[in-house]
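S.K.: Turn this into a structure:
(2 chains)
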Amino acid sequence: MPDIKPSLEEPESFSKLFDHSHLIIFRYIYGLHGGPQEEVEDLTSETFTRAWKSRNKFSGDEHDALCWLFTIARNLVIDVHRRRKVHLTETLDSIDDTFLDNMFSSTIYSPEDQVSHREQLTHLWKLLLDQPYDRREMLVMRYMLNWQIKEIAKFLEMEENTVSVYIRRTLEQIRQNW
Amino acid sequence: MGNPINKINNSGNLQDSDIEDLLRQALPKPSAYFYERIETAPWNKAGSQKSGAHFITSITIRKWILGLAVITLFFFIFGISFFPSVQAIAHQIAYTFFSSSSNQLEIQVTSTSPEDLSHFSDPINFTQTIRDCQEKAGFAIKEIYQLPENLEMIGARFDPDYNSVTILYQGIDYKLFLTQRPLGNGKDIFVIGSNAQIQLVNIGDQQGEFVIGGWKAVSTQTISDTGTPKTQTNISAVWDAQLPQFVLRWQENGFVYELRTLGKGSPSKSDLITYAIGLK
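M.R.: Okay, the predicted model is just below:
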């Protein structure tokens, strides 16, 4: 990948980075934070604002820039949770309606199936948020962001096999708690 | 990607792959409001010239205003802590009682006549009419509109040093002083003991303060300065919360008012509030 550092300091270049990555960052934050939608949007916006302010310290290509954004986003979410000092599930009664509305807006499910699907996804979301932070992050990357195991392992600086085992065990635990 | 709904409905058949499918469908999107907000971000192509610059300018201005406010607050607190003149200004703004640092007060008074001190509250010092005082003070003077039985107006006096007018009323076993002056135009020397209890009271739509007690002189030493008619009197006083003295203070329409009683038969707090509401 080309080194984008020389142009990242320009608004046009940063704007391109935003266009390419904001949806991924948004979903990553959503998976880690859990919602509601407004807070996730605030955190996403804050992630890019912080990146913009410290862009002159960044060095690397587009992949590095994405990892840099993920790191900022992760730190922001952790900070929020530390400040609140409460478990995620205590702040969320159910998955955000906006999230569900977006999901079902383009599907072909019947009304009955949509109700059923909403219930299942809400239940899954609660079980997901019950998982330890690092396991949840792996599931979000693997399934919501569609990353390969090796990409997750590289980002988290772990062995691929370890990541694979963790994901498998977490899925098993969610299934048992269903 | 399969539809996991039917499989999960049969909960006994739930597989890891069903959970994977559900997670893959969890693809939230930002709302339109999020994109509206981002339009004003400094990196936004369309907004970088206008909104971005405005965004940064706004932040800069806010930082300057915040900085100035912090500096002003610092000097204000510093001034209140160390400079009596700033204390006085702060007092004029807030108009609350000054609490002395202790319950003991040392006062030095230079006067042309010792009688002026000892007879300050004497009726002979209230020989002026309200109209006379009004002309000297230059502002409209209020008085207790409906005097109750056994309360008589003795007279008034104008104190140019304090730009205040005090009216003396005499009850059976007490005196009642009504003092008034424009806010911020004149000194206010009355302080209360550090242990004095200030009660906040409502006077109609205004809020006022009510304090029980007063300073009791425990020793008085008069030093005559030979060659001049002036004398210096050193008074040592202690705050006595048991003294039958009540003070009610409030401000209204740019004026400060004070009702002070002296004597065993002093009217109660509610009576003073009634007087205060009935001033005309």
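S.K.: which stretch of helix or strand covers A:Glu137?
M.R.: For A:Glu137, the element it lies in under DSSP states H and E is helix A:133-139.
S.K.: ok now the very next helix or strand once past that helix, how far from the chain's centre?
M.R.: Using DSSP H and E, the helix or strand that follows helix A:133-139 towards the C-terminus is helix A:149-156. Distance, stretch centre to chain centre, for helix A:149-156: 14 Å (Cα atoms, centre = their mean, to the nearest Å).
S.K.: Averaged pLDDT, helix A:149-156. What do you get?
M.R.: The pLDDT scores in helix A:149-156 average 92.
S.K.: And the helices in chain A, which stretches?
M.R.: A:5-8, A:11-33, A:37-53, A:62-84, A:88-91, A:97-104, A:111-129, A:133-139, A:149-156, A:160-177 (DSSP state H).
S.K.: Check which helices and strands the helix holding A:Glu137 sits against.
M.R.: In terms of contacts (3 or more Cβ pairs under 8 Å, 6 or more residues apart in numbering or on different chains; DSSP states H and E), helix A:133-139 is packed against helix A:11-33, helix A:111-129, helix A:149-156, helix A:160-177. No exception for glycine: its C-beta is placed from N, CA and C like everyone else's.
S.K.: Give me the angle between the last one and helix A:111-129.
M.R.: With axes from the mean of the first three to the mean of the last three Cα atoms, to 10 degrees as the basis, helix A:160-177 and helix A:111-129 are set at 120 degrees to each other.
S.K.: Packing partners of helix A:160-177?
M.R.: helix A:111-129, helix A:133-139, helix A:149-156, helix B:16-25.
S.K.: And the closest residue to chain A within the stretch 151-280 of chain B, what's its pLDDT?
M.R.: Proximity of the stretch 151-280 of chain B to chain A (Cβ to the nearest Cβ) peaks at B:Leu200, 35.6 Å away. B:Leu200 carries a pLDDT value of 85.
S.K.: Same check on A:Ile25?
M.R.: 95.
S.K.: ok, it - how many residues close by?
M.R.: By other Cβ atoms under 10 Å in any protein chain shown, the residues close to A:Ile25 number 23.
S.K.: which secondary element of chain A has the worst mean pLDDT?
M.R.: The weakest-scoring helix or strand in chain A, judged by mean pLDDT, DSSP states H and E, is helix A:88-91 (a mean of 48).
S.K.: low-confidence ranges in the stretch 1-150 of chain B?
M.R.: Low-confidence segments of the stretch 1-150 of chain B (pLDDT under 70): B:1-12, B:45-63, B:80-121.
S.K.: so where do the strands sit in it?
M.R.: Along the stretch 1-150 of chain B, counting by DSSP state E, counting those that start in this stretch, strands occupy B:98-99, B:104-111.
S.K.: so who does the spatially most central residue of chain A touch?
M.R.: Among the residues of chain A, the one closest to the centroid is A:Tyr28, at 1.0 Å (Cα atoms, centre = their mean). Contact analysis of A:Tyr28 by Cβ atoms under 8 Å, 6 or more residues apart in numbering or on different chains lists A:70, A:73-74, A:140-141, A:144-145.
S.K.: Can you lay out the residues you listed as a markdown table showing neighbour count?
M.R.: Formatted as a markdown table, these follow (neighbours: other Cβ atoms under 10 Å in any protein chain shown):
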| residue | neighbour count |
| --- | --- |
| A:Phe70 | 20 |
| A:Ala73 | 24 |
| A:Arg74 | 17 |
| A:Val140 | 21 |
| A:Met141 | 25 |
| A:Met144 | 20 |
| A:Leu145 | 17 |
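S.K.: Need the max-distance pair from the residues you listed.
M.R.: Across the contacts of A:Tyr28, the longest distance by Cβ to Cβ is 14.4 Å; it joins A:Arg74 and A:Met144.
S.K.: Just grab the bridge partners of the closest residue in space to B:Ala276 that isn't next to it in sequence for me.
M.R.: For B:Ala276, ignoring the flanking residues on the chain, the nearest one in space by Cβ to Cβ, 6 or more residues apart in numbering or on different chains is B:Ile203 at 4.8 Å. When assigned by DSSP bridges, B:Ile203 has beta-bridge partners B:Gln206.
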